[in-house]
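A.B. asks: Need coordinates for the following:
(2 chains)
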Amino acid sequence: MAFAPHHDLIEELKWRGLLHDAMPGTQDLLNREMVSGYVGFDPTAESLHIGNLVPVMLLTHLQLAGHRPIALVGGATGMIGDPSGKSAERNLLDEETLQRNVAGVRKQLLKFLNFTDGANRAELVNNYDWFKGISFLQFMRDIGKHITVSYMMAKDSVQNRLETGISFTEFSYQLVQGYDFVHLLKNHGCKLQMGGSDQWGNIVTGTELIRRMGAGEGFALVAPLITKTDGGKFGKSEQGNVWLDPQRTSPYRFYQFWLNVSDEDAKRYIRIFSLLSRPEIESLQQQHDGAPHLRLLQKALAEDVTVRVHCREDLDAAVAASEILFGQGTEDSLRQLSESDLLAVFEGVPQFHISEQELKAGIPIIDLLAEMTTVFPSKAEARKMIQGNGVSINKTKVAAIDLMVNVDHLIAGRYILAQKGKKNYYLLIVG
RNA sequence: GGGGAGAUACUCAAGCGGCCAACGAGGACAGACUGUAAAUCUGUUGGUUUCACCUUCGCAGGUUCGAAUCCUGCUCUCCCCA
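C.D. replies: A predicted model of the protein is given here:
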């Protein structure tokens, strides 16, 4: 039976801004047969972060086009360390951490693809499974023999490290990753490797190894590095990395991250990170240009990504929280919330506990924010911020520096909402 | 081994005996304007019991009424010659 892709993947990726480069022949291959393609994920942490979402999207689009995605967790490569983009040798992760990371990443990847139905159902593999049976000598003889040192030296990832130093371990990395490709081609019929553009060098070593080992032909496709228009690094918020793990980055913060993207970035990101169709996106963009203050693009983007990474309920809660915190929220509307609603809204917000005794006596605002809690690192800073009109209690600006906070400020009997600037909330709980 | 230069707050970078908690730039945070955007403007960017006091200028001592600034030793970095 002749294979027909659901659509031209390369064209789709191009339009979405997800295509940086592809090896010649890749497009033909994709339009000719059902292709298995893989992406590798390094278990450098227990959770993926939103930067990893880009290669995840490549797999997702691969599957949507009717091809078969393979997600690889680098249990073996993670033991070596990829020198790409690193300016210095890294410490090796201990095995226990590595195990935990592999398990964490694995679990997250399962969410994004269809692993159960259809001929093109996804597959999840761990390269440790095939590397654990290969001895060092075997590797040197069977694999290392095919690639020359000068070939390996020519890679940017290695070149950039010649001055500062690179261990043999990291130098060898590309061979290890390269062999993954050979293995997947032989055992899973996987002809395509995808990844971020920083992986191009490693991927090409793989296709080269395939050719020289006479294993057939490998193809490659990489996505561009995601940037921010203002030059900052993508994927960082004030709180640091934006993780997929709700324990590390709450769904609320996650949602807020996308909602806060600039107009320029939103136009690019919605193509890259959402699964909305081209007509939907184009229509949204048009509406957005007509009424930019409504931020339809950001909302659609945030909604789509939050639902896929977390779930519909988490999105609803995040939207509700955002509504209260940034909408027409006033002290009155806050006071009308029930305790359970309040807790739901502030689930992802940092919380502090304070004693009822002290509150009854009244606590100077400065002490409350800098001493009893760590909203501010020092009293001086708290004082300056209050004087600069940057602090609110229960959505009401603190005007007096010597404000005494007492039981009258409690909401729902035991909460106080402290706010630093416009976007930073803290929930103080009595008891 | 010989000679030279340097180490200042998140980063870069002034200061070279008192006017220095330390110019300036970047970054970060906040305020105003907006749209929880961008740009722009403004403020803050050691601590405290804040009109004053205390701890900071690689580390340890010393000179001096007084040191980031001068002297001695130590540690580290960079450059030149062997």
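A.B. asks: so what's the most centrally placed residue in chain A up against?
C.D. replies: Residue closest to the mean C-alpha point of chain A, counted by CA atoms, centre = their mean, is residue A:50 at 1.2 Å. Residue A:50 makes contact with A:234-235, A:242-244, A:257, A:273, according to CB atoms under 8 Å, 6 or more residues apart in numbering. Yep, even glycine has a C-beta here, placed from its N, CA and C like the rest.
A.B. asks: switch to 10 Å and redo it
C.D. replies: Residue A:50 makes contact with A:56, A:226, A:234-237, A:241-244, A:249, A:254, A:257-258, A:269, A:273, A:305, A:309 under the criterion CB atoms under 10 Å, 6 or more residues apart in numbering.
A.B. asks: With residue A:153 instead?
C.D. replies: Residue A:153 touches A:159, A:162, A:171, counting by CB under 10 Å, 6+ apart.
A.B. asks: residue ranges with poor pLDDT in the stretch 51-200 of chain A?
C.D. replies: A:87-91, A:163-164 (pLDDT under 70).
A.B. asks: residue ranges with poor pLDDT in the stretch 201-350 of chain A?
C.D. replies: Checking the stretch 201-350 of chain A against pLDDT under 70 turns up A:231-232, A:237-240, A:328-329.
A.B. asks: on that earlier part again, who wins on neighbours among the contacts of residue A:153?
C.D. replies: With neighbours taken as other CB atoms under 10 Å, the top of those is residue A:171, carrying 18 neighbours.
A.B. asks: any idea how far that residue is from RNA strand B?
C.D. replies: Residue A:171 is 22 Å from RNA strand B, where distance means CB to the nearest atom of the strand, to the nearest Å.
A.B. asks: before we move on, the earlier item: now, the contacts of residue A:153 that are in helices?
C.D. replies: Residues of the contacts of residue A:153 located in helices (DSSP state H): A:159, A:162, A:171.
A.B. asks: Nearest residue to the first one in space, ignoring adjacent ones along the chain?
C.D. replies: Put plainly, it is residue A:159. residue A:153 (7.3 Å; CB to CB, 6 or more residues apart in numbering).
A.B. asks: now for the strand or helix carrying residue A:359, which elements pack on it?
C.D. replies: According to DSSP states H and E, residue A:359 maps onto helix A:356-361. Secondary-structure packing of helix A:356-361 (3 or more CB pairs under 10 Å, 6 or more residues apart in numbering; DSSP states H and E): helix A:365-370, strand A:404-405, strand A:424-430.
A.B. asks: quick one: stretch A:272-288 near RNA strand B?
C.D. replies: No: Stretch A:272-288 stays clear of RNA strand B (CB under 7 Å from any atom of the strand), getting no nearer than 8.1 Å.
A.B. asks: so what's residue A:186 up against?
C.D. replies: By CB under 10 Å, 6+ apart, residue A:186 lies in contact with A:210, A:213, A:215-216.
A.B. asks: who wins for neighbours among the residues you listed?
C.D. replies: Counting by other CB under 10 Å, top hit in the contacts of residue A:186: residue A:210 with 24 neighbours.
A.B. asks: Give me the distance between that residue and RNA strand B.
C.D. replies: Taking CB to the nearest atom of the strand as the measure, residue A:210 falls 41 Å from RNA strand B.
A.B. asks: In three-state terms, label that residue for me.
C.D. replies: helix (DSSP: H, G, I helix; E, B strand; the rest coil).
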